[in-house]
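# sequence first, predicted model second:
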Amino acid sequence: MTHTRRAVFSVLLAVLMVPVLPVRAADAPLLVFAASSLTDALNEVGAKYTRETGHEVKLSHAASSALARQIEAGARADVFFSADTDWMDYLAARNLIDKASRTDLLGNRLVLIAPKDSTIQVQIAPNFPLARTLGRGRLATGDPDSVPVGKYAHGALTSLGVWDEVADRIIRAENVRSALAFVSRGEAPLGIVYATDALIDKGVKVVGVFPESSHLPIIYPVAATATAQPATAQFLKYLRSEGARASFRKFGFTIRP
């Protein structure tokens, strides 16, 4: 073997002998599955957290129902942040969250919206004329069978005695932001969304606020998943910090006691 070949062989041998170090879990981005209504607030909170800790946060937003089913199907996530307790309970019953980490963090209000240039006026009360107000149009909200905002809307309209007259006129959106878009684009004369969603879209206006007594409390629970990386605990703690709470309040959420 020539001197040159021996040198090349020595270099290759040295490279092969360098141990391959595993990627530390703490270096992996935190993957947060969160309800669509949390999009703007969590974008800000996640950015704050990354600036303060250097730990990257990746957000995946969709209906809580869709996200819970993805986790059930094996999708990797560190945090589940739901718009209702039902889907958190769903994962808890299947041992897919760390139950000790669960916290009811935020609250919201349910509102009736119309396009910004609409002349509709309505007072939400028992047996209010919702069907007549819709005219020939349809009511946009989340799918009442699965999407939290739709389930809250179903409960509210049922308790107010008007569900049956509009049940077959519902646009069953895949998430609250989709319902919001139907109204903002003028494709539906009315929609039922969260107050926080109405705040971020200049294409809509609130024409009524549902009494809190008309539906179950709107609660946003958050928890680490059963397979979460250890650094998740620090992020969950940060969500309860004053810095995070300031962002949630800014976007219209209420803080749970």
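Looks like it came in fine.

# list the strands paired with the helix or strand where Ile192 lies, with their directions.
According to DSSP states H and E, Ile192 maps onto strand 190-194. Strand pairing for strand 190-194, using DSSP bridges, gives strand 110-115 (antiparallel), strand 139-142 (parallel).

# now, of those strands, which is deepest in the fold?
Of all those, strand 139-142 has the most neighbours on average by mean count of other C-beta atoms under 10 Å, namely a mean of 30. Any C-beta I mention is one placed from the backbone N, CA and C, and that applies to glycine too.

# so after that one, what's the next helix or strand?
Note on strand 139-142: by DSSP H and E, the next helix or strand toward the C-terminus is helix 148-159.

# give me the helices and strands touching that next one, please.
Judged by 3 or more C-beta pairs under 8 Å, 6 or more residues apart in numbering; DSSP states H and E, helix 148-159 is in contact with helix 85-93, strand 110-115, strand 139-142, helix 163-166, strand 170-173, helix 176-184, strand 190-194.

# name the residues that touch the strand holding Ile192?
37, 83, 108-114, 120, 130, 133-134, 137, 139-141, 149-150, 152-153, 156-157, 171, 176, 179-180, 182-183, 204, 207, 210, 218 (C-beta atoms under 8 Å, 6 or more residues apart in numbering).

# can you select the buried ones among those residues for me in PyMOL?
Buried subset of these, written as a PyMOL selection, criterion 16 or more other C-beta atoms under 10 Å:
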select buried, resi 37+83+108+109+110+111+112+113+114+120+130+133+134+139+140+141+149+150+152+153+156+157+171+176+179+180+182+183+204+207+210+218
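
# and Asn43, which of the helices and strands packed on helix 148-159 is closest to it?
Proximity to Asn43 (C-beta to C-beta) singles out helix 176-184 among the helices and strands packed on helix 148-159, at 13.0 Å.

# tell me the angle of that closest one relative to helix 148-159?
70 degrees (axes from the mean of the first three to the mean of the last three C-alpha atoms, to 10 degrees).

# same for helix 176-184, what does it pack against?
By 3+ C-beta pairs under 8 Å, 6+ apart, helix 176-184 packs against strand 110-115, strand 139-142, helix 148-159, strand 170-173, strand 190-194, helix 195-200, strand 204-209.

# please consider this matter closed, and thank you.
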